[in-house]
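Trainee: Turn this into a structure:
(one chain, ligands or ions: 1)
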Amino acid sequence: MNEARMRLEEQLRQKTLEKGQTADTLVRFAFDMMRRAYAPYSHFTVGAALLGRNGKIYTGCNVENAAYSPTCCAERTAFFNAVADGCRKFEAIAVVGGPDGNVTDYCPPCGVCRQVMTEFCGPEFMVILAKSHTERKVYQLRELLPENFKLN
Ligand SMILES: [Zn+2]
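Mentor: Numbers count the residues shown, from 1 in each chain. Below you'll find the predicted structure:
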């Protein structure tokens, strides 16, 4: 982990960043992660950056597979990365994506990822969609999946 990221995570832990700055940071990390996507089939690359309540940023990209269904989205990759690190509580996620690494529109999470978010996040969890470093839409999870599946 580089020094700049450690410094940033310390600021996030101490909550010294403004909400807007936090969103800027997550969007920047999501754009960086998009470059790591493995998408030889769809050529649609996605990056996600998830802020844990512990102040750490967990990142993910989409990872495709020749058999298609084993493919994992960027958002779930980020969540699973966090859970494997011991983090289960989250503040926000930023998502960016587009064909061949070109972001021209917003990239909302698929239904499966929305369901995964409800496993760990409350209705106020913030989902930040960006189509550039300055253009974004912000949703609460309750708006994206008002009726999630529950085992009861
Ligand atoms: Zn998904």
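
Trainee: Helix or strand: which one has residue 45?
Mentor: Using DSSP states H and E, residue 45 sits within strand 44-52.

Trainee: And residue 5, by the same measure?
Mentor: Since the elements are taken from DSSP H and E, residue 5 ends up inside helix 3-13.

Trainee: by contact count, what packs against that helix?
Mentor: Contacts of helix 3-13 with other secondary structure elements, assessed using 3 or more Cβ pairs under 8 Å, 6 or more residues apart in numbering; DSSP states H and E, are made with helix 19-34, strand 57-61. The way it works is simple: take the backbone N, C-alpha and C, and place the C-beta from them, glycine included.

Trainee: of the ones you listed, which approaches residue 140 most closely?
Mentor: Comparing the helices and strands packed on helix 3-13 by their distance to residue 140 (Cβ to Cβ), the top pick is helix 19-34, with 13.4 Å.

Trainee: quick one: residue 38 and the ion, what's the gap?
Mentor: 15 Å (Cβ to the ion, to the nearest Å).

Trainee: thinking again about what came up before, remind me what the strand holding residue 45 packs against, helices and strands.
Mentor: The criterion is 3+ Cβ pairs under 8 Å, 6+ apart, and the helices and strands that strand 44-52 contacts are helix 19-34, strand 57-61, helix 74-84, strand 90-99.

Trainee: mind checking which of the ones you listed is nearest residue 44?
Mentor: Among these, strand 90-99 comes nearest to residue 44, with 5.5 Å by Cβ to Cβ.

Trainee: what is the mean pLDDT for stretch 83-99?
Mentor: Over the span of stretch 83-99, the pLDDT mean works out to 98.

Trainee: Give me the buried stretch members for the strand holding residue 45, please.
Mentor: Of the residues in strand 44-52, those buried under the neighbour-count criterion (16 or more other Cβ atoms under 10 Å) are 45, 46, 47, 48, 49, 50, 51, 52.

Trainee: just stretch 25-37 next, same as before
Mentor: By neighbour count, and taking 16+ other Cβ under 10 Å as the criterion, the buried residues in stretch 25-37 are 25, 26, 27, 28, 29, 30, 31, 33, 34, 37.
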